[in-house]
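*Asks:* 3D, please:
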Amino acid sequence: MALNFPSSPTVGQIYYDDTSGFYYEWDGTVWKSYSPSSTGQIKVLDDISSSFDDVTTTFALTSSSVAVSPVNPQQLIINLGGVIQDPANDYSISGSNIEFTTAPQAGLTFSGVSLGPAINLTLTNITSTDDTTTNSEFYPVFVNGTSSTSPTISTPKLTFNPSTGILSATAFEGDGSGLTGIAGTANVSTSTLVVSGVSTHEGNVELKSTSKINAVGVGKNIVFQDNGTDRFHFEMASTGLRPETSNTGSIGNLSYPFSSGVFTNFRVVSDLNVGNNVNITGVATATSFSGDGSGLTGVGATINDDITTNSDMYPVFSSSSSGSLTTAKVSSTKLTYNPSTGKLTSTIVNSSSDENLKKDISTITGALDKVKQLRGVDFTWKNNDTKGKGVIAQELQQVFPELVSEESDGNLSVNYNGLIAVLIEAIKELSN
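*Replies:* Numbering: from 1, shown residues only. Just a heads-up that it's a prediction; the model follows:
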C-alpha cells in the first residue's frame, strides 16, 4: 500500500494516515513510525525555581536545555513547593512558555514533567458528502490562517441546516443589496440600507452616530405614524429636509403644532436628555435645576465689599460642614454686624479653653513686671472716627509676641483674651 507523504516536510513534522491509523515523523531523511503516547515522549523539565521572585509569572520550559512545547496545560504535571498545580486554574501554556496565574514566591521548589510535545500534524484529505436532507443543525468549519491551521467551529453563533438550507448567525454585516426574501421582522445591520418602496418597521430603528436618513428628490416625505395616524411629516424641499408647516404632532399627553418648521409652545412632560449644547435666547423656567452648574453665569450670590453702611446686618451660617449651601440662616437678635463701625455684637462670646485641648500648661510668672511694660491707650479709629480703648499691637508684641498676629493686609491684631490670663496673675502677685 503506497502512502501519500507530504512532498516538502519539515523536521519533526508528523503525518497521519487515516486509512491505516498510523503516525509517521520526518527526521530530515526518512519517515519513521511515530507514537505520541510512547514513553520516549515523556520529558523531565529543567528546574526554573531560581527565577522565582514573587513578581514574574512567565517562564520558558526546557528539558536538558531544549525547548518543550506542550499542546495544552493538561500535558504537564507541575509541582510547586510540594503541591501539584491545577492546569485548569493555576497555569496556562503559550508555545514553550508556562504562565502562572499567581507569581511563584522566591525560594519555592519546582519540578515538572511533560507528557508529550506539540506535534506538527499533517492529515490526509477530508472526504466530503453532499447532504441536502438531514434536518438538524450542522456547524460550518473555518480556519484563521492559509496553511497548517486547525479548523474550528462556533456552535452557538453559526449553524446550517442541510434540509432547510437555512444559515443562522448572530448577525450579518456588509452590502445586503443582493439579498432577497428578507422578512420585515429581520434584524439587518449594514452601513447603507436603500429602500425604493415602503419600509415598515414594527420594532426599533437604531441610527448610530454616523448614520443618516436620506429622502432623495424634492417632494419626498418621511412620515412618522401612531397606529396608522400620521403624526410628523418631513418633506424634502429645495432648501433641504424640513418639517411640513401643516403638521400637528403629539408629544406626551398634549398636542403642539408646527408653525413655520418649529414647534409652538413646545413642552416636555417627561425627562429631556440632550447630548450636546442647548442654546436658549429667552428665559428657562423650571421647578428646580440639578447637575453641574460650574459653567453657568449670572447665578449664585454676589459679594460686595461694604464698609460704609451704618446699620445692623446679620452674618450667615449653616448647620452643614460640607456640600452645597442650600439654606442660609441668621440670628437677628443675637448676632449682628455693623459695616460702618466694624462692630460685631453677640449675646455671649465663648473661646475654646478645655484642658483636653491644651498641652505644655504652666502658670505665668513675672506677670506684674510684664504688665508694667504695657500701655493702655485712648484712641480714635481712622476709618470711622470712632473712639476706643486698648493697647498698641506693636508695643504688646515686644512683651507678649504670642498674643499678636499679622493679617493678610499686613496690619497687626491682638488676642485680648490672652491678656486676661496675664492680668489675673498680676493681681495675685499684688495681693501677695
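*Asks:* Can you tell me how far residue 24 is from residue 13?
*Replies:* With distances taken as CB to CB, to the nearest Å, residue 24 is found 9 Å from residue 13. For glycine as for every other residue, the C-beta is placed from the backbone atoms N, C-alpha and C.
*Asks:* Likewise for residue 85?
*Replies:* To residue 13, residue 85 is 31 Å away according to CB to CB.
*Asks:* and if you look at residue 158?
*Replies:* 31 Å.
*Asks:* When the two are compared, which one has more neighbours?
*Replies:* residue 13 (19 against 15; other CB atoms under 10 Å).
*Asks:* For the more buried one, name its beta-bridge partners.
*Replies:* residue 120 (DSSP bridges).
*Asks:* correct me, but it touches residue 7?
*Replies:* No - taking contacts as CB atoms under 8 Å, residue 13 lies outside contact range of residue 7: 11.7 Å.
*Asks:* for residue 109, what are its contacts?
*Replies:* Shown in contact with residue 109 (CB atoms under 8 Å, 6 or more residues apart in numbering): 49, 79-82.
*Asks:* Adding neighbour count, write those out as JSON lines.
*Replies:* Converted to JSON lines, these look like this (neighbours: other CB atoms under 10 Å):
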{"residue": "49", "neighbour count": "16"}
{"residue": "79", "neighbour count": "14"}
{"residue": "80", "neighbour count": "20"}
{"residue": "81", "neighbour count": "13"}
{"residue": "82", "neighbour count": "8"}
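*Asks:* between these, which is closest to residue 391?
*Replies:* Each of the contacts of residue 109 was scored against residue 391 by CB to CB, and residue 81 proved nearest at 77.7 Å.
*Asks:* Tell me the secondary structure at the nearest residue to the closest one once chain neighbours are set aside.
*Replies:* Closest residue to residue 81 apart from its sequence neighbours, by CB to CB, 6 or more residues apart in numbering: residue 108 at 4.6 Å. Classification of residue 108 using DSSP: H, G, I helix; E, B strand; the rest coil returns coil.
*Asks:* and residue 108, what pLDDT?
*Replies:* Residue-level confidence at residue 108 comes out at 92, pLDDT.
*Asks:* again with residue 81
*Replies:* For residue 81, the pLDDT comes out at 90.
*Asks:* and the gap between it and residue 337?
*Replies:* Relative to residue 337, residue 81 is positioned 74 Å away (CB to CB).
*Asks:* One more: residue 131?
*Replies:* Residue 131 sits 96 Å away from residue 337, going by CB to CB.
*Asks:* Give me the more crowded residue out of these two.
*Replies:* residue 337 (14 against 9).
*Asks:* Can I take it that the more buried one is in a strand?
*Replies:* Yes - according to three-state DSSP, residue 337 belongs to a strand.
*Asks:* Quick check: it touching residue 343?
*Replies:* Yes - at 7.2 Å, residue 337 counts as touching residue 343 under the criterion of CB under 8 Å.
*Asks:* who touches residue 63 in this structure?
*Replies:* By CB under 8 Å, 6+ apart, the contact list for residue 63 reads 43-46, 114.
*Asks:* Quick check: the gap between it and residue 5.
*Replies:* Distance of residue 63 to residue 5, computed by CB to CB: 29 Å.
*Asks:* Could you do residue 420 as well?
*Replies:* Residue 420 is 110 Å from residue 5, by CB to CB.
*Asks:* out of these two, which sits in the more crowded spot?
*Replies:* A count of neighbours by other CB under 10 Å puts residue 5 above the other of residue 420 and residue 5, at 14 against 10.
*Asks:* what helix or strand is that one on?
*Replies:* Following DSSP states H and E, there is no helix or strand that holds residue 5.
*Asks:* now the contacts of residue 63 as JSON lines including neighbour count?
*Replies:* Listed next are those as JSON lines, based on neighbours: other CB under 10 Å:
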{"residue": "43", "neighbour count": "20"}
{"residue": "44", "neighbour count": "12"}
{"residue": "45", "neighbour count": "22"}
{"residue": "46", "neighbour count": "16"}
{"residue": "114", "neighbour count": "20"}
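*Asks:* Can you point out the buried residues in the lengthiest helix in the chain?
*Replies:* Looking across the chain with DSSP state H, the single longest helix is helix 416-431. Residues of helix 416-431 classed as buried: 419, 422, 425-426 (neighbour count, 16 or more other CB atoms under 10 Å).
*Asks:* Same check on stretch 386-399?
*Replies:* Judged by neighbour count using 16+ other CB under 10 Å, the buried positions of stretch 386-399 are 391, 396-397, 399.
*Asks:* Over to stretch 339-350?
*Replies:* Within stretch 339-350, the residues scored as buried using 16+ other CB under 10 Å are residue 339.
*Asks:* 361 is where my numbering starts, stick with that
*Replies:* Sure, I'll start counting at 361 from here, so that last one is stretch 699-710.
*Asks:* Pull it out as PDB, backbone CA atoms only.
*Replies:* What follows is stretch 699-710 as a C-alpha-only set of coordinates in PDB (Å, rounded to 0.1, in the frame of the first residue of the first chain):
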ATOM      1  CA  PRO A 699     -20.200  97.500  58.300                       C
ATOM      2  CA  SER A 700     -19.600 101.200  59.200                       C
ATOM      3  CA  THR A 701     -18.300 100.800  62.700                       C
ATOM      4  CA  GLY A 702     -16.900  97.300  62.300                       C
ATOM      5  CA  LYS A 703     -18.700  96.200  65.400                       C
ATOM      6  CA  LEU A 704     -19.600  92.600  65.800                       C
ATOM      7  CA  THR A 705     -22.300  92.100  68.500                       C
ATOM      8  CA  SER A 706     -23.200  88.800  70.100                       C
ATOM      9  CA  THR A 707     -25.100  88.000  73.300                       C
ATOM     10  CA  ILE A 708     -22.300  85.800  74.500                       C
ATOM     11  CA  VAL A 709     -18.800  85.100  73.000                       C
ATOM     12  CA  ASN A 710     -17.000  82.000  74.200                       C
END
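*Asks:* Contacts for it next, please.
*Replies:* Outside stretch 699-710, the residues touching it (CB under 8 Å, 6+ apart) are 666-673, 675, 694-698, 741, 743-744, 746.
*Asks:* Separate out the buried members of those residues.
*Replies:* Neighbour counting with 16+ other CB under 10 Å marks 695-696 as buried within those.
*Asks:* Quick check: the gap between residue 441 and residue 409.
*Replies:* From residue 441 over to residue 409 the distance is 9 Å, taken as CB to CB.
*Asks:* hey, what's in contact with both of those two?
*Replies:* Residues touching both residue 441 and residue 409 (CB under 8 Å, 6+ apart) are 468-469.
*Asks:* phi, psi of residue 755?
*Replies:* Dihedral angles of residue 755 (phi, psi; degrees, to the nearest 10) stand at phi -70, psi -40.
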